[in-house]
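Student: below are the sequence and a predicted model for it; my questions follow.
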Amino acid sequence: MGGIRLRLRAPRGRRERVAAAVVALAVATMLVQAATVLWHAIVRGWPLAAAVAVAALLAVVWWQVRRVRLRRAQAALVATLRLPLVRIDALSDAEFEFALRDLLIRDGWSAQQVGQAGDQAADVIGQHAQRGRIVLQAKHTTVGGKVDSKVMYQVKGTAGPVHKADVAVVVTNGGFTRDAKAWGERHQVHWVDRERLRQWAEDGVPLHTLLRLPARRTRRTSVRRAA
């Protein structure tokens, strides 16, 4: 059997037309009432929604301002950082690495502590716009120990090939053997012993000044105009 089809026909006669008009008026009235209720709900809820939005915006602004102020305060504190050797001697190995990181930041480097098991002779890595990339190997001692040539070999072997560093430095609060110093000077592995560390950490002499690190040359590119 075929499906049942419903066909709408126009009202016939006066009674049907009146009935249709009444139904249409009722539907229109219901739509108007529904729209009115919805409008009033929006009007009543608008102040609350606006207040919530403003509060959220103020919270975001406050958080950003707080972060900026905190960063400025930290930068100001780091800029005046001075670390006496007595304090450095009392640090743990990890704390010594973080101290070297902070000293680099004080000198204008962006630096991170990266020392861990398998760090391939890099405890702190820094970046400077004019002096390139630097890698520090930290050797903290509590018994006045000396760094030997073996450490210098290791740093030389990984600083450039592994860490892409322009400058390699071994830093200790102790000393270096004569052979380690001589080998480092021949092969561009800088060393910072106790006396140099005192100048850097206590006196505030920047590391690049202490080690006489040259600024990198900027490449100039010529621009040719099309004929």
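Tutor: Thanks, I have it. Predicted model only: the values in this text are computed from it and were never measured. Numbers count the residues shown, from 1 in each chain.
Student: all strands of this structure, in order?
Tutor: Using DSSP state E, the strands of the chain run over residues 110-113, 124-128, 132-139, 146-147, 167-172, 175-176, 189-192.
Student: need these in JSON lines (columns: distance to residue 45 and mean neighbour count).
Tutor: Backbone N, C-alpha and C define where each C-beta goes, glycine included. What follows is these, written out as JSON lines (distance: least, Cβ to Cβ, whole Å; neighbours: other Cβ atoms under 10 Å):
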{"stretch": "strand 110-113", "distance to residue 45": "48", "mean neighbour count": "17"}
{"stretch": "strand 124-128", "distance to residue 45": "52", "mean neighbour count": "22"}
{"stretch": "strand 132-139", "distance to residue 45": "57", "mean neighbour count": "23"}
{"stretch": "strand 146-147", "distance to residue 45": "71", "mean neighbour count": "18"}
{"stretch": "strand 167-172", "distance to residue 45": "62", "mean neighbour count": "25"}
{"stretch": "strand 175-176", "distance to residue 45": "74", "mean neighbour count": "20"}
{"stretch": "strand 189-192", "distance to residue 45": "66", "mean neighbour count": "23"}
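Student: do you know which of these lies nearest residue 98?
Tutor: Closest to residue 98 of the strands of the chain is strand 110-113 (Cβ to Cβ; 5.2 Å).
Student: then that closest one to CSV, C-alphas only?
Tutor: Extracted in CSV, the C-alpha atoms of strand 110-113 (Å, rounded to 0.1, in the frame of the first residue of the first chain):
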residue,chain,number,x,y,z
SER,A,110,70.9,33.7,28.9
ALA,A,111,71.9,30.5,30.7
GLN,A,112,70.6,27.1,31.9
GLN,A,113,71.9,24.5,34.2
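Student: one step back: is it possible to get JSON lines of the strands of the chain that adds mean pLDDT and distance to residue 90?
Tutor: JSON lines is the format used below for the strands of the chain (pLDDT from 0 to 100; distance: least, Cβ to Cβ, whole Å):
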{"stretch": "strand 110-113", "mean pLDDT": "96", "distance to residue 90": "18"}
{"stretch": "strand 124-128", "mean pLDDT": "97", "distance to residue 90": "19"}
{"stretch": "strand 132-139", "mean pLDDT": "97", "distance to residue 90": "15"}
{"stretch": "strand 146-147", "mean pLDDT": "96", "distance to residue 90": "20"}
{"stretch": "strand 167-172", "mean pLDDT": "98", "distance to residue 90": "15"}
{"stretch": "strand 175-176", "mean pLDDT": "98", "distance to residue 90": "18"}
{"stretch": "strand 189-192", "mean pLDDT": "98", "distance to residue 90": "19"}
